[in-house]
Structure formats: C-alpha cells, structure tokens
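Asker: All I have is the shape, not the residue letters:
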C-alpha cells in the first residue's frame, strides 16, 4: 500500500474591468495573463488553475456573472476527482502601496461613486436575509500565514480586515456565503496600481500567492 496522494487544489480566479477613476484595472491584465504565465513558469505540484474570469465593476452586474461562474465551477468539481476548490478574487485599491490579503467582507454596500452600471447604494445590506449591515463573513483560509509566507518571499503585503464597501467587498461577501454553503473556500486580494508596483512584480506576486495557497492545503 502506497501513501495517499496529496490533494489536488483547483483555484478559480476573478479580476475586474475598469471603473470610475481607474481607466486600466491591473487585475484585468493579471487575471487575463495568469494561466499562461504560470504554465510557462511551471505549475506547483497539486495545483490546477480552473477558470480565469473578468467581472464587470458593478454590484448586481458582477454578481450575476459571478454566480454563473461559481455554479459552473462547482458542477465541474462535483463531476471530477478534484479534492479542493478555492476561489481567489483580485481587485485594485488605487491608493494602496502594498498588496492586501482580505480576511473578511461586510454585509454592507455603500458605494463612494456609482458602479459601472450607475448604481450607488448607501448603507444597504448586500444580502438582506443575512441580517443587518454589520454582519461579517470571514474566509476560512489562514490569511496571517499566507501574508507571512509572501512577506518572507520579499513582497510588500499585509493582512486586512477592511475590504471597503464598494464592489470588491460586495463580490467577496457573495463569494464567502457561496463558499460556506458549498464547502469550498474563498479569498479576496487587493492589488495596487501598476504605477505603484510594476506589472512584472504583480504577476510574480499572483503566482507566488497561488503557490502559497496550494502548499497550505497539502
């Protein structure tokens, strides 16, 4: 009898298109190129990249696409021998100087500017049936360990408890709820602009992040 094979981790990734004040969203570029970048670099053992999708930077507009992608990935997972599924969402924080591993999302939509479909909610619960706007959902992934590992690789990265109240938090809240319901995991990571940290460094960071996540699941 041989030892059991390590679990296969399938990671699905999303980024966002442009939005008010950000004409080029770095996460659209990163997510669009990540699969090819990682295959060229060599995928870590036990890691599979599932889908790489770009969402509209809009609350309801993004969520409709998000659920379609989530459901599709889930049905693929159920019909295969994949052991673990993790959703990783990338968003931009245009004022940030380092990467942020987001620990949680809040059940509140308060958009500082209209989203790309013109919606500007104020103090609205994202999922009313979850209760009030103070309700929090946390990721089940070890954010402090992920941050520590990435810091050890030389990246400027922090753990954050505030994903804002805009579309990033909106999508993350929906994803965390979906993950909890279906026994999978979800994580949101904020990226700076390419003007702050160049594209090559951000691509390397995204690849390193997935490697760290996969290694922590073994």
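Answerer: In hand now; what should we look at? Quick caveat, the model's predicted, so the values are computed rather than measured. Numbering: from 1, shown residues only.

Asker: hey, where'd the helices end up in the protein?
Answerer: Taking DSSP state H as the test, the helices found in the chain are 26-41, 59-78, 143-152, 167-182, 199-216.

Asker: Can you give the distance of the worst-scoring helix or strand of the chain on mean pLDDT from its chain's centre?
Answerer: The helix or strand of the chain with the lowest confidence, counting by mean pLDDT, DSSP states H and E, is helix 59-78 at a mean of 79. Taking the mean of its C-alpha atoms, helix 59-78 sits 13 Å from the chain's own mean (CA atoms, centre = their mean, to the nearest Å).

Asker: Identify the residues contacting that helix?
Answerer: With CB atoms under 8 Å, 6 or more residues apart in numbering as the test, helix 59-78 has contacts from 10, 12, 14, 16, 50-51, 53, 55-56, 82, 85, 87, 109, 111, 115-117, 119, 121, 167, 170-171, 174-175, 178, 182, 184. C-betas here are computed from N, CA, C, even on glycine.

Asker: ranking the helices of the chain by burial, who's on top?
Answerer: Neighbour counts (mean count of other CB atoms under 10 Å) averaged over each of the helices of the chain peak at helix 167-182, with a mean of 22.

Asker: How about residues contacting that one?
Answerer: 14, 16, 19, 55, 57-59, 62-63, 66-67, 70, 74, 87, 89, 91, 93, 102, 104-109, 111, 115, 126-127, 130, 137-140, 163, 184-186, 188, 190.

Asker: Please apply the same query to stretch 129-143.
Answerer: Residues outside stretch 129-143 that contact it (CB under 8 Å, 6+ apart) are 86, 101-108, 123-125, 159, 173, 176-177, 179-180, 185-188, 213, 216.

Asker: what's the first-to-last distance across stretch 191-201?
Answerer: End-to-end distance of stretch 191-201 (CA to CA, to the nearest Å): 11 Å.

Asker: Report the contact partners of the residue nearest the centre of the chain.
Answerer: Closest to where the C-alpha atoms of the chain average out (CA atoms, centre = their mean) is residue 89, at 1.5 Å. By CB under 8 Å, 6+ apart, the contact list for residue 89 reads 13, 14, 15, 168, 171, 172, 175, 186, 187, 188, 189.

Asker: wait, doesn't residue 185 sit right on residue 86?
Answerer: Yes - Residue 185 is in contact with residue 86 according to CB atoms under 8 Å; the separation is 4.6 Å.

Asker: So between the two, which is more surrounded?
Answerer: residue 86 (23 against 20; other CB atoms under 10 Å).

Asker: So in terms of bridging, what pairs with that one?
Answerer: Here residue 86 sits in beta bridges with residue 11, residue 185, as judged by DSSP bridges.

Asker: Find me the pLDDT at it, would you?
Answerer: pLDDT for residue 86: 93.

Asker: any idea how far it lies from residue 120?
Answerer: In this structure, residue 86 lies at 32 Å from residue 120, with CB to CB, to the nearest Å as the measure.

Asker: got it, and residue 127?
Answerer: Note on residue 127: its distance to residue 120, by CB to CB, is 19 Å.
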